[in-house]
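A.B. asks: what follows is a predicted structure for the sequence shown.
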Amino acid sequence: MLLFIDTHSSLITIALKNNDDLFIKTKESEYSHSIYTMPMIEEIFKENNLNVKDLKKIIVVNGPGSFTGIRIGLSIAKTMAYALNIDINTISSLTAYLVSNDNNKKRKAVIEDNKGYYISAFDENNNNIIPEYYSEEDNCDYEKVEEKLDVLKIIKYCENMKSENPHHIKANYVKKIEVENHD
């Protein structure tokens, strides 16, 4: 069984994949991720008569996005992975948007903040052709994908990733990148 956690935006997405079944819960939560995320995880297990002890892997979105939202999602995912001694993988929100899209050509994902753009691009085979970067302008000419998630496509994309050490997982903050680019 696999747990997916995404708290990078105002929409919290929690999903459980158990064999061929996929259960998804979402909640719009502008500034209340700390109130809703853990109860949503508890509810999805309870509503589907599943036990957290049967969990084998966690996939968590590590940003860029909401500073507090990312911290909450990562803290929960890392704690569960460590406590249950199970596999954990991170995926950036940009990569999640790119693999969720059905576009079979070169495409970009863009997250905008008040000072610039965080951008990445994939080719038609889901190969990363422009690594994530921060810029004051959107200077990438590829077609922009929607900011939507397809949990099944994300799970498939992460299927063969090597598990990460929960202690080494870090958030992918837009502001951190901005600071690094202006040293």
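C.D. replies: The structure has been received and is ready for your questions.

A.B. asks: which ones are touching L16?
C.D. replies: Residues in contact with L16 (CB atoms under 8 Å, 6 or more residues apart in numbering) are 1-4, 22-23, 44-45, 48, 50. To be clear about C-beta, it is placed using only N, CA and C from the backbone, and glycine gets the same treatment.

A.B. asks: give the buried subset of the residues you listed as a PyMOL selection command.
C.D. replies: Those of these that count as buried under 16 or more other CB atoms under 10 Å are selected in PyMOL with:
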select buried, resi 1+2+3+4+44+45+50
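
A.B. asks: tell me the one of the contacts of L16 nearest M80?
C.D. replies: Taking CB to CB as the measure, M80 sits nearest to L3 out of those, at 7.4 Å.

A.B. asks: where do the helices sit along this protein?
C.D. replies: Shown for the chain, the helices assigned by DSSP state H span residues 33-47, 67-84, 93-100, 151-158, 174-181.

A.B. asks: quick one: which of those is nearest S135?
C.D. replies: Short answer: helix 174-181, nearest of the helices of the chain by CB to CB, at 8.5 Å.

A.B. asks: avg pLDDT for the closest one?
C.D. replies: Per-residue pLDDT values across helix 174-181 average out to 48.

A.B. asks: repeat for stretch 49-66
C.D. replies: Rounded mean pLDDT across stretch 49-66 is 96.

A.B. asks: what of stretch 118-132?
C.D. replies: Mean predicted lDDT for stretch 118-132 stands at 94.
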